[in-house]
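Visitor: This is a predicted model, with the sequence first.
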Amino acid sequence: MIQCGFCNSTLTRRTRSKKIIWQCVKSTKYGKRACPQCKGIREDTLESAFVESFNLVMDKNSDVFEEFLERIEKSLNEKAIGSTLAKAKNDLEILETRKKRLLDLKLDEKIELTSFLEKDAELDHAIKNKKEEINRAKNAEKSRKNLHRDIDDMRNYLQKTNHKPLKKFDSKVFESIVEKIIVGGYDNDGNADPLKITFVYKTGFKDKKDGSDFKHSPCHQGGPKPADNAVNDSQLCTDDSQSDFQHCTDGARRDGMPDEEGQIITLPFISQ
C-alpha cells in the first residue's frame, strides 16, 4: 500500500508523458484543494529509494530481520485458521437445517405466520453473518499461505546472497519485508515536505528518504543535455492540471505496466 502522508488516502497509479507516477487519490478525484500539499511521485523514484533503504537497513539490522522472519513464521504455525473455518462451515450447516425445519413447520401449519416470519428473518441474518465469517476465514488462510511464501522467498534471498546489498529493485524482497510506503509529510519544524518517503517495514522499523536524492536518466541516452533552467528529473509531478504534468521528464516506460488512469491499484510489486 502507498499512503499519502498528508491526508492518509491511498495513492493512485497514473501514466503521463510515458512515465508512471503515483498521486493522492483524494486530490486526483476531488481536486487540488482536497489535499493541497501533496504532489505526484515517480514510480522509479520509489523503487530506487527502496534499494538504498534496504541496503542500509540490512547492513545494520540483518540479524533483526532473521529474528523477525522466525517470529512471524512461528506465529503463523500457531494460528488455527483451519479449525476456525471448519467450525464456521459446520455452524452454517446447522443454521440452514434449522431454516428448512422452520419452513416444514409452516407448510404443516404448525407455526403462526407472524412467528414464522420473525424466526425466518433471524435465521437469514445469522446465515448471512456466518457466510461472511467463512469468507474472512478463507481470506485469512490465503494471506497466511502468501506470507509463508514471502518468508521463504526472503530467507532464500538472504541465504543466496549472504546478505549482500541489492543492485536493483527486487519485487520479492520488497513484498517480503515492507508493510507500506508513506509519501509526503512534515519535517520537524512542521513544514510540508512532499518529497518525503517513509518505508514502514513489517518489523515495525521506519526508514525515511528524500525523494530528491534519487535522480533518473532521460529516455534518450546520449541526447542533448538539458538547459541550466530545466526542471530537475527527480522533481515531483503536480496533479492539479494537465499542463503541470509536462514538468516531469519522460522516464522509460515499463513493460507489463498498462496505463491505469484514475484507477486505484497498489504498486505492481505489492501483493494484493
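Guide: Received it, and whenever you're ready, just let me know what you need.
Visitor: Next SSE downstream of the one helix or strand residue 23 maps to?
Guide: Using DSSP states H and E, residue 23 falls within strand 19-24. Moving toward the C-terminus from strand 19-24, the next helix or strand (DSSP H and E) is helix 25-30.
Visitor: buried residues in that next one?
Guide: Buried residues in helix 25-30, counted by 16 or more other Cβ atoms under 10 Å: 25-28. Placement of C-beta: from N, CA and C, glycine included.
Visitor: out of those, which one sits closest to residue 97?
Guide: Distances from residue 97 to the buried residues of helix 25-30, taken as Cβ to Cβ, are shortest for residue 25 (45.6 Å).
Visitor: Look up the closest residue to the closest one, ignoring the ones flanking it.
Guide: Nearest non-adjacent residue to residue 25, counting by Cβ to Cβ, 6 or more residues apart in numbering: residue 12, 4.4 Å away.
Visitor: Could you give the bridge partners of that neighbour?
Guide: residue 23 (DSSP bridges).
Visitor: so how far is residue 109 from it?
Guide: 59 Å (Cβ to Cβ, to the nearest Å).
Visitor: how about the strands in the protein?
Guide: In the chain, the strands defined using DSSP state E lie at 2-4, 11-16, 19-24, 41-42, 178-183, 196-201, 206-210.
Visitor: Out of the ones you listed, which gets nearest to residue 153?
Guide: Among these, the nearest to residue 153 by Cβ to Cβ is strand 178-183 (13.1 Å).
Visitor: Buried residues in the strand holding residue 23, which are they?
Guide: Neighbour-count burial for strand 19-24 flags 19-24 (criterion: 16+ other Cβ under 10 Å).
Visitor: can you check stretch 43-55 too?
Guide: Across stretch 43-55, burial judged by 16+ other Cβ under 10 Å covers 43-54.
Visitor: Please produce TSV containing those residues, extended by distance to residue 183 and pLDDT.
Guide: As requested, these are exported to TSV (distance: Cβ to Cβ, whole Å; pLDDT from 0 to 100):
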residue	distance to residue 183	pLDDT
43	11	92
44	14	92
45	10	93
46	8	93
47	13	93
48	14	93
49	10	94
50	12	93
51	17	92
52	16	91
53	14	90
54	17	87
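Visitor: which one of the buried residues of helix 25-30 is nearest residue 85?
Guide: For the buried residues of helix 25-30, the nearest to residue 85 is residue 25 (33.6 Å; Cβ to Cβ).
Visitor: so who does the closest one touch?
Guide: Residue 25 makes contact with 4, 9-12, 264 under the criterion Cβ atoms under 8 Å, 6 or more residues apart in numbering.
Visitor: From the residues you listed, list just the buried residues.
Guide: 4, 9-12.
Visitor: I'd like those residues laid out as TSV, including pLDDT and distance to residue 69.
Guide: Output for the buried ones among the contacts of residue 25, formatted as TSV (pLDDT from 0 to 100; distance: Cβ to Cβ, whole Å):
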residue	pLDDT	distance to residue 69
4	95	30
9	94	31
10	94	27
11	94	28
12	91	32
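Visitor: And the furthest pair within those?
Guide: Pairwise distances across the buried ones among the contacts of residue 25 peak at 10.2 Å for 4 and 12 (criterion: Cβ to Cβ).
Visitor: Next, show the common contact partners of those two.
Guide: Residues touching both residue 4 and residue 12 by Cβ under 8 Å, 6+ apart: 24-25.
Visitor: What ranges does the stretch 101-250 of the chain have for its helices?
Guide: Assigned by DSSP state H, counting those that start in this stretch, the helices in the stretch 101-250 of the chain fall at 113-161, 171-177.
Visitor: other SSEs contacting the first one?
Guide: With contacts defined as 3 or more Cβ pairs under 8 Å, 6 or more residues apart in numbering; DSSP states H and E, the packing partners of helix 113-161 are helix 43-78, helix 81-107, helix 171-177.
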